[in-house]
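J.: Okay, here's the prediction I keep looking at, along with the sequence it came from:
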Amino acid sequence: MEQGEPGDGRVVYRLREVVKSRAKGGSAFELCVPSLDIGRGEFVAIVGASGCGKSTLLDMLGLVLSPSQCGEFSLRVAGQSHSLMELGEASLAGLRRAHLGYVLQTGGLLPFLTVGNNVHLPCRLNAQRGGQLQVKTLLERLKIGDQAHKKPQFLSGGQRQRAAIARALAHRPPVVLADEPTAAVDKFTALEIRDQFKELTASLGITLVMVTHDEALVRPVADRILTFQVEPLGEGHTRSTLREAS
């Protein structure tokens, strides 16, 4: 895990004075990120209750949601720093495809593909050679090598999540983002998935950012835990500010 100092190349994400505002009806929500650096190979857990803004933050890190305001919002991958607010959708899509892996709470596997083909899909989209061997190795390390020929509906919840993790890692992205990856499984399976996820990303030098409501799950393994200070501002207006957990 490398947090690094500004300008030394080890900072993957840098956010300064980032704000995302949303309004619906008579209510308004404002997510504030005063300052955040995420280092190469770091495991950062973002913890909070429903509605605090943790998934909104993950969507911004995943380049699918743009800030309403920002002083700086950059991503450094493959030796190059990208000022994200200056990029168009095509450039952002290219960064997402090549450099980010994403694990959804429900797995998000395509039901018409086998597990093996689901996991191999990012390799195909990035025209990577040797992808089949990477897929086989990942599935075996996640203890679902014998499920590669099956469609997702024939897997247990835990097996689907392991397959989703394998898919996120298959093209060897420098960053993996995970949105409540253990929320739909029992506690024992959640602990197994947590440990396998941590071991794989650490062994590959991948930065892992995981959103969860369960601080006890991630506290033993995360390098850092971030949480939110939520303030009601009256008239249906709420502000949620990211901070380091104590």
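T.: Sure thing, it's come through. Numbers count the residues shown, from 1 in each chain.
J.: and the gap between the spatially most central residue of the chain and G116?
T.: Central residue of the chain (C-alpha atoms, centre = their mean): L177, 0.9 Å from the mean position. For L177, the distance to G116 (C-beta to C-beta, to the nearest Å) stands at 23 Å. All C-beta spots, glycine's among them, are computed from the backbone N, C-alpha and C.
J.: Over to T241?
T.: Relative to G116, and taking C-beta to C-beta, T241 is found at 43 Å.
J.: G234 now?
T.: 54 Å.
J.: what does P173 give?
T.: P173 is 19 Å from G116, by C-beta to C-beta.
J.: Convert the C-alpha atoms of the one helix or strand the residue nearest to the centre of the chain maps to to PDB, please.
T.: Using DSSP states H and E, L177 maps to strand 175-179. In PDB, the C-alpha atoms belonging to strand 175-179 read as follows (Å, rounded to 0.1, in the frame of the first residue of the first chain):
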ATOM      1  CA  VAL A 175      -8.400   0.200  -9.600                       C
ATOM      2  CA  VAL A 176     -11.300  -1.900  -8.500                       C
ATOM      3  CA  LEU A 177     -14.500  -0.300  -7.000                       C
ATOM      4  CA  ALA A 178     -16.900  -2.400  -5.100                       C
ATOM      5  CA  ASP A 179     -20.400  -1.400  -4.000                       C
END
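J.: F228: what secondary structure?
T.: Put simply, F228 is strand when judged by DSSP: H, G, I helix; E, B strand; the rest coil.
J.: Which strand residues bridge it?
T.: Beta-bridge partners recorded for F228 (DSSP bridges): L242.
J.: list the contacts for it?
T.: Counting by C-beta atoms under 8 Å, 6 or more residues apart in numbering, F228 touches 48, 52-54, 240-243.
J.: I'd like to know which of the residues you listed are buried.
T.: 48, 52-54, 240-242 (16 or more other C-beta atoms under 10 Å).
J.: ok, and what's touching the least confident helix or strand in the chain by mean pLDDT?
T.: Here the helix or strand of the chain ranked lowest by mean pLDDT, DSSP states H and E is helix 131-141, holding a mean of 89. The contact list for helix 131-141 (C-beta under 8 Å, 6+ apart) reads 115-116, 119-120, 123-124, 128, 145, 147-148, 163, 166, 169-172, 196, 200.
J.: ok, now how distant is the closest residue to L155 other than its chain neighbours from P220?
T.: Nearest non-adjacent residue to L155, counting by C-beta to C-beta, 6 or more residues apart in numbering: Q147, 5.9 Å away. Distance of Q147 to P220, given as C-beta to C-beta: 28 Å.
J.: Look at the two and report which has more neighbours.
T.: Set Q147 next to P220 and count neighbours by other C-beta atoms under 10 Å: Q147 wins out with 21 against 10.
J.: Could I get the phi/psi values of the more buried one?
T.: Dihedral pair for Q147: phi -110, psi 0, per degrees, to the nearest 10.
J.: so who does it touch?
T.: Q147 touches 115, 139, 155, 159, 163, counting by C-beta under 8 Å, 6+ apart.
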